[in-house]
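[1] Quick one, what's the 3D model for this:
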Amino acid sequence: MTTTTLVIGATGTTGERVARLLTARGQRVKAASRRAVAVDGAEAVRFDWYEPGTFAEALRGTDRVYLVPPIGSPEPAAVMLPFLEQARASGVDRAVLLGSSAIPSGGPAVGQVQQALPALFETWAVVRPSWFMQNLTGDHPHARGIREHGTILTATGEGRVAFVDADDIAAVAVHALTADRWAEGDLVVTGPEALSYADAAAVLSEVTGRPVTHRRLTCEQLRDRLAQDLPLEFATVLAGLDRAIAEGAEDRVTDTVQRLTGRPPLSFRAHAERALRPAVDS
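    Below is the predicted model:
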């Protein structure tokens, strides 16, 4: 049976990858974004979490959905749950949510959305990645700080994180969206090794040939820096995630990528070499 998957956030870090992987498999895809930008082989459709009038057209003819929460929202359930109710009523029977390894079902923010999924959909999964490797090599504030100042600013201390590549996250999400036999579940997705930010800085220094250091902040210092650009409540949440890393919350490695895709996850060094060496060599 032919299915159609609505990919929300289809121009984002994981959404674009999910859309491309699905179309490469011959799947029908509706690529949803605020500007209805086309993704190879997918139907572009306009979608905005804060404009409920965009929901119906995006859901038309859809039976599966990949959910990327609204960026920066401390309470995504307020806009996501009405959409999910509408999705169920329109015939969607499988939902895969992009969550966070730091937030369990029933926790704050996206944890409230995860908690609601079992009562809404026949088949569901939550892909809960650790911190993205792209945060250190792409367009994230950490990556910009590395490029502009050669520093990574965190309140993580010596805490370790099993950074994961976005390609691996997308591959797990596509498995959850397409597998014929699928037990719904909570999928914590990590890379192959847990590194401190100082470890990551050392790898980046070796790969680029430019010194990169990790500068430690207190949780309060980080909160105050973030609050210059973000609401204080959200800045406090983000600083608290760094505190949790310092206390060991992300010092774990899972077999999710290997088990579901049949290949090992990319290492941080391999990611850095792929992402940064072409720019260095040019």
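[2] Tell me if I'm right that Val92 and Arg64 touch.
    Yes: counting by CB atoms under 8 Å, Val92 touches Arg64, with 6.6 Å between them. Just so you know, the C-beta spots here come from the backbone N, C-alpha and C atoms, and that holds for glycine as well.
[3] Would you mind telling me which of the two has the busier surroundings?
    Per other CB atoms under 10 Å, whichever of Val92 and Arg64 has more neighbours is Arg64, with 24 against 21.
[4] what residues are up against the more buried one?
    Residues counted as contacts of Arg64 (CB atoms under 8 Å, 6 or more residues apart in numbering) are Thr3, Thr4, Thr5, Leu6, Val92, Asp93, Arg94, Ala95, Val96, Leu177.
[5] what is it paired to in the beta sheet?
    Beta bridges link Arg64 to Thr5, Arg94, judged by DSSP bridges.
[6] could we number from 9 for the rest of this?
    Happy to do that; since the first residue is 9 now, the last one works out to Arg72.
[7] in the stretch 159-290 of the chain, what spans have low per-residue confidence?
    Scanning the stretch 159-290 of the chain with the threshold set as pLDDT under 70 gives 190-192, 286-290.
[8] which residues in it form helices?
    Assigned by DSSP state H, counting those that start in this stretch, the helices in the stretch 159-290 of the chain fall at 174-186, 205-216, 227-234, 240-254, 264-269, 276-289.
[9] Now do the shared contacts for Val100 and Arg72.
    Leu14.
[10] So which of the helices of the stretch 159-290 of the chain is nearest Pro82?
    Ranking these by distance to Pro82, with CB to CB as the measure, places helix 240-254 first at 5.0 Å.
[11] How about residues contacting that closest one?
    80, 82, 110, 116-117, 162-169, 227-228, 230-232, 234-235, 238, 258.
[12] now do 6 Å
    Residues from elsewhere that reach helix 240-254 (CB atoms under 6 Å, 6 or more residues apart in numbering): 82, 110, 162-165, 167, 169, 227, 230-231, 234-235.
[13] before we move on, the earlier item: want to try JSON lines for the contacts of Arg72, with distance to Ala278 as columns?
    Converted to JSON lines, the contacts of Arg72 look like this (distance: CB to CB, whole Å):
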{"residue": "Thr11", "distance to Ala278": "33"}
{"residue": "Thr12", "distance to Ala278": "34"}
{"residue": "Thr13", "distance to Ala278": "29"}
{"residue": "Leu14", "distance to Ala278": "32"}
{"residue": "Val100", "distance to Ala278": "36"}
{"residue": "Asp101", "distance to Ala278": "37"}
{"residue": "Arg102", "distance to Ala278": "32"}
{"residue": "Ala103", "distance to Ala278": "32"}
{"residue": "Val104", "distance to Ala278": "26"}
{"residue": "Leu185", "distance to Ala278": "26"}
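[14] Now a PyMOL select for only the buried ones of the residues you listed.
    To isolate the buried subset of those in PyMOL, counting by 16 or more other CB atoms under 10 Å, use the following:
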select buried, resi 12+13+14+100+102+103+104+185
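[15] Nearest to Asp194 among the contacts of Arg72?
    Using CB to CB, Val104 is the member of the contacts of Arg72 that lies nearest Asp194, at 11.8 Å.
[16] re the thing from before, now, which of the contacts of helix 240-254 sits nearest Val26?
    Nearest to Val26 among those: Ala110, at 21.1 Å, using CB to CB.
[17] what sits against that closest one?
    If a contact means CB under 6 Å, 6+ apart, then Ala110 has Leu249 as its contacts.
[18] and it, how far is that from Trp132?
    From Ala110 over to Trp132 the distance is 20 Å, taken as CB to CB, to the nearest Å.
[19] For this protein, which segments count as strands?
    For the chain, applying DSSP state E gives strands covering 12-16, 36-41, 51-54, 72-75, 102-106, 131-137, 159-162, 168-169, 193-197, 203-204, 221-224.
[20] Save those as JSON lines, and put in distance to Leu29 too.
    Below are the strands of the chain laid out as JSON lines (distance: least, CB to CB, whole Å):
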{"stretch": "strand 12-16", "distance to Leu29": "10"}
{"stretch": "strand 36-41", "distance to Leu29": "9"}
{"stretch": "strand 51-54", "distance to Leu29": "16"}
{"stretch": "strand 72-75", "distance to Leu29": "11"}
{"stretch": "strand 102-106", "distance to Leu29": "13"}
{"stretch": "strand 131-137", "distance to Leu29": "13"}
{"stretch": "strand 159-162", "distance to Leu29": "30"}
{"stretch": "strand 168-169", "distance to Leu29": "25"}
{"stretch": "strand 193-197", "distance to Leu29": "15"}
{"stretch": "strand 203-204", "distance to Leu29": "26"}
{"stretch": "strand 221-224", "distance to Leu29": "33"}
